[in-house]
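Trainee: build the 3D model from these lines:
(4 chains)
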There are 2 protein chains.
Amino acid sequence: MALLRLEMNDNLYLRDPQDTELGRKIITQSICMIEEMGLEQFTFKKLSVEIESTEASIYRYFENKHRLLVYLIAWYWNWLEYKIEYETNNVVDPQERLAIAVRLVGEKKVADPMFPSVDEVALQRIVINESDKTYHTKQVDEDNKEGLFRGFKSLCKRIAVIVLEINPDYLYAHTLISTMLEASHQQVFFAEHLPSLTEHKAADGRVHSENIVFLLEMIRKTIG
Amino acid sequence: MALLRLEMNDNLYLRDPQDTELGRKIITQSICMIEEMGLEQFTFKKLSVEIESTEASIYRYFENKHRLLVYLIAWYWNWLEYKIEYETNNVVDPQERLAIAVRLVGEKKVADPMFPSVDEVALQRIVINESDKTYHTKQVDEDNKEGLFRGFKSLCKRIAVIVLEINPDYLYAHTLISTMLEASHQQVFFAEHLPSLTEHKAADGRVHSENIVFLLEMIRKTIG
DNA sequence: TCAACAATAATAGTATTACTATCATTAAAG
DNA sequence: CTTTAATGATAGTAATACTATTATTGTTGA
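Mentor: Model prediction:
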């Protein structure tokens, strides 16, 4: 199987981590550590110890840990969009394409052999736990100008377009889809930590399948 | 007009800030500062300078700045629930009660003279920008056990009950309402900072009214 | 009226974090 | 085989998130 590389916005990094051994180690190990200890406990110092490198070297790849997080999350959305594109290709019925997209967004991910340096399972957990922190900052607007959130916006648009194909008169396609994208991880978090906020059950992977049903039904009924 | 005091969970603070002059100054000034500079830039040191007190004194009220944020957000949800209770009292039609609740959740807030030490306008901005940070931490579960999120959960339940009155067979009442509560501030944030994610327009207070229309319609159609 | 008690102020100090800077070493490319 | 790019080693800084100690003030109630 040929190895792919997702095209990432230049501004996400100082030096492209996909280019070097050290870069890939940064990605692999940071995913592992952020998932385990959470973003706040994670530091470049700790990471440098794990990968047997130095803080200074990591700083040559990413300006700071926020940028690294944004990179990881952006990678996830790019990957998801690629998968959606791939799996909806040649599917003519927009209802069916919508169902595929929602399933791909909501399902529990498994490792993708196409990208051996990325643990997609752990990365999805990071998205569930930390992704909102990428834009809830004082510098959102500058970060946005630099295109750091293009992945998420592009994914939202792609699904919104399907919605508009189904019902061209629906006024809130992007609003609805960004709401559902957020709910796709928020509800998993709620099921695990604040279960009274949702009917979904965290046990096994039930949350994901229940959530897919919920989200798809919500979209279909809402757009009529 | 009689001054009220919202009943807050004891675990939210070390010493009740509503009891003392200094406590109220902490609340008033921290709302102002967090809104202005964002949670990350905000520190107890800076706050102590503004209120002409000391870090140590503030630490006698709140364990740390995260707890202070949780307190403020909890206050907001308690306040909202109180308003909903008040305004839906004696309204028999559940559809009408739902509409009132969604309007109160989504509308742009104005200062409530009942609580002079709280700037509700600024506090709503904090909810929009920072509220997700209250639970996206490693200690969610302990915090939740201490009841720190009771306000939000209680509000969610109250509206979910209305949904179930309208359609007792709907399976995802809490899921849908927690989704809509999140969307109620997320969409405002998007309109202001990532406008391609939403049809809502940030100009004036349009986001709020457009969002109310969107959210109510989404709920109504989804529950059938 | 005074004692004692609670709240706060003043001050200092610590460990950790999030960097920045400098210079030495290694590895790869021309 | 030399130049240069990447990395390593090491050091240092300002800010943060606290904790601790002692002094001062203001209130209460005996």
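
Trainee: for chain A, longest helix please?
Mentor: helix A:65-88 (DSSP state H).

Trainee: neighbours of the residue of chain A found nearest DNA strand C, how many?
Mentor: In chain A, the residue found nearest to DNA strand C is A:Asn64; the distance is 2.9 Å by Cβ to the nearest atom of the strand. Backbone N, C-alpha and C define where each C-beta goes, glycine included. Applying other Cβ atoms under 10 Å in any protein chain shown, we find 11 residues neighbouring A:Asn64.

Trainee: ok, it - contacts?
Mentor: Residues near A:Asn64 by Cβ atoms under 8 Å, 6 or more residues apart in numbering or on different chains: none.

Trainee: so does stretch A:120-135 get close to DNA strand D?
Mentor: No: in this structure, stretch A:120-135 remains apart from DNA strand D according to Cβ under 7 Å from any atom of the strand; the gap is never smaller than 14.4 Å.

Trainee: show me the helices in chain A, by range?
Mentor: Counting by DSSP H, the segments of chain A that form helices are A:21-41, A:44-50, A:55-59, A:65-88, A:94-106, A:120-130, A:140-145, A:150-166, A:173-193, A:206-223.

Trainee: contact partners for the residue lying closest to A:Gln124 once chain neighbours are set aside?
Mentor: Nearest residue to A:Gln124 in three dimensions, chain neighbours excluded: A:Lys109, at 4.5 Å (Cβ to Cβ, 6 or more residues apart in numbering or on different chains). Contacts here follow Cβ under 8 Å, 6+ apart; on that basis A:Lys109 touches A:120-121, A:123-124.

Trainee: then A:Val140?
Mentor: Listed by Cβ under 8 Å, 6+ apart, the contact partners of A:Val140 are B:193-194.

Trainee: likewise for the one 4 residues further on?
Mentor: Taking Cβ under 8 Å, 6+ apart as the definition of contact, the neighbours of A:Asn144 are A:135, B:193-194.

Trainee: if we use 10 Å, what do you get?
Mentor: By Cβ atoms under 10 Å, 6 or more residues apart in numbering or on different chains, the contact set of A:Asn144 is A:135, A:150, A:153, B:193-196.

Trainee: want to throw these into TSV with neighbour count, pLDDT and distance to A:Glu35?
Mentor: Compiled in TSV, these are given as follows (neighbours: other Cβ atoms under 10 Å in any protein chain shown; pLDDT from 0 to 100; distance: Cβ to Cβ, whole Å):
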residue	neighbour count	pLDDT	distance to A:Glu35
A:Tyr135	21	98	20
A:Arg150	18	98	24
A:Lys153	19	98	25
B:His193	18	98	27
B:Leu194	20	98	25
B:Pro195	15	98	31
B:Ser196	17	98	29
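
Trainee: now the residue sitting furthest away from the middle of chain A: phi and psi?
Mentor: Here the centre of chain A is the reference, and by Cα atoms, centre = their mean the most remote residue is A:Asp169, at 29.0 Å. Torsion angles at A:Asp169 (phi, psi; degrees, to the nearest 10) stand at phi -90, psi -10.

Trainee: could you check the distance from it over to DNA strand D?
Mentor: In this structure, A:Asp169 and DNA strand D are separated by 48 Å, where distance is defined by Cβ to the nearest atom of the strand, to the nearest Å.

Trainee: over to A:Asp10?
Mentor: Summarising the geometry, the distance separating A:Asp10 from DNA strand D, computed by Cβ to the nearest atom of the strand, is 14 Å.

Trainee: one more: A:Thr28?
Mentor: A:Thr28 sits 14 Å away from DNA strand D, going by Cβ to the nearest atom of the strand.

Trainee: just A:Tyr13 next, same as before
Mentor: When Cβ to the nearest atom of the strand is the yardstick, A:Tyr13 and DNA strand D sit 11 Å from each other.

Trainee: and what of A:Ile27?
Mentor: Summarising the geometry, the distance separating A:Ile27 from DNA strand D, computed by Cβ to the nearest atom of the strand, is 12 Å.

Trainee: and that residue, what pLDDT?
Mentor: Confidence at A:Ile27, expressed as pLDDT, is 98.

Trainee: next up, the contacts around it.
Mentor: Applying Cβ under 10 Å, 6+ apart as the definition, the contact partners of A:Ile27 turn out to be A:17-18, A:61-62, A:68, A:71-72, A:75, A:115, A:117-119, A:123.

Trainee: apply 6 Å and report the result again.
Mentor: Under the criterion of Cβ atoms under 6 Å, 6 or more residues apart in numbering or on different chains, the contact list for A:Ile27 reads A:17, A:117.

Trainee: could I get the buried residue list for stretch A:9-16?
Mentor: Along stretch A:9-16, these residues count as buried under the neighbour rule (16 or more other Cβ atoms under 10 Å in any protein chain shown): A:9, A:11-13.

Trainee: and what of stretch A:54-72?
Mentor: By neighbour count, and taking 16+ other Cβ under 10 Å as the criterion, the buried residues in stretch A:54-72 are A:58, A:61-62, A:65-72.

Trainee: which parts of stretch A:95-108 are buried?
Mentor: Neighbour count says stretch A:95-108 has A:97-106 buried, by 16+ other Cβ under 10 Å.

Trainee: could I get the average pLDDT for that stretch?
Mentor: Along stretch A:95-108, the predicted confidence averages to a pLDDT of 98.

Trainee: likewise stretch A:159-169?
Mentor: Mean per-residue pLDDT for stretch A:159-169: 98.

Trainee: which residues of chain A lie near DNA strand C?
Mentor: Checking chain A against DNA strand C by Cβ under 7 Å from any atom of the strand, the hits are A:41, A:43-45, A:55-56, A:59, A:63-66.

Trainee: ok, now with 10 Å
Mentor: A:14, A:21, A:37, A:39-48, A:54-60, A:62-68 (Cβ under 10 Å from any atom of the strand).

Trainee: skipping its backbone neighbours, what lies nearest A:Ala111 in space?
Mentor: Counting by Cβ to Cβ, 6+ apart, the residue nearest A:Ala111 is A:Glu120, at 5.7 Å.

Trainee: pretty sure the one you found sits against A:Met114.
Mentor: No: with contact defined as Cβ atoms under 6 Å, A:Glu120 does not count as touching A:Met114 (9.8 Å).

Trainee: what residue ranges in chain A are flagged as low confidence?
Mentor: Low-confidence segments of chain A, defined by pLDDT under 70, span residues A:1-3.

Trainee: show me what from it comes close to chain B.
Mentor: Selection of chain A residues close to chain B by Cβ under 6 Å from any Cβ of the partner chain yields A:38, A:132, A:138, A:140-141, A:153, A:156, A:172, A:174-175, A:178-179, A:182-183, A:186, A:193, A:196-199, A:214, A:218, A:221-222.

Trainee: just the buried residues of these.
Mentor: The neighbour-count test (16+ other Cβ under 10 Å) marks A:38, A:132, A:140, A:153, A:156, A:172, A:174-175, A:178-179, A:182-183, A:186, A:193, A:196-199, A:214, A:218, A:222 as buried among these.

Trainee: any chance of the contacts of A:Asn144 in a markdown table, with distance to B:Asn90 too?
Mentor: Converted to a markdown table, the contacts of A:Asn144 look like this (distance: Cβ to Cβ, whole Å):
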| residue | distance to B:Asn90 |
| --- | --- |
| A:Tyr135 | 41 |
| A:Arg150 | 50 |
| A:Lys153 | 45 |
| B:His193 | 40 |
| B:Leu194 | 41 |
| B:Pro195 | 40 |
| B:Ser196 | 43 |
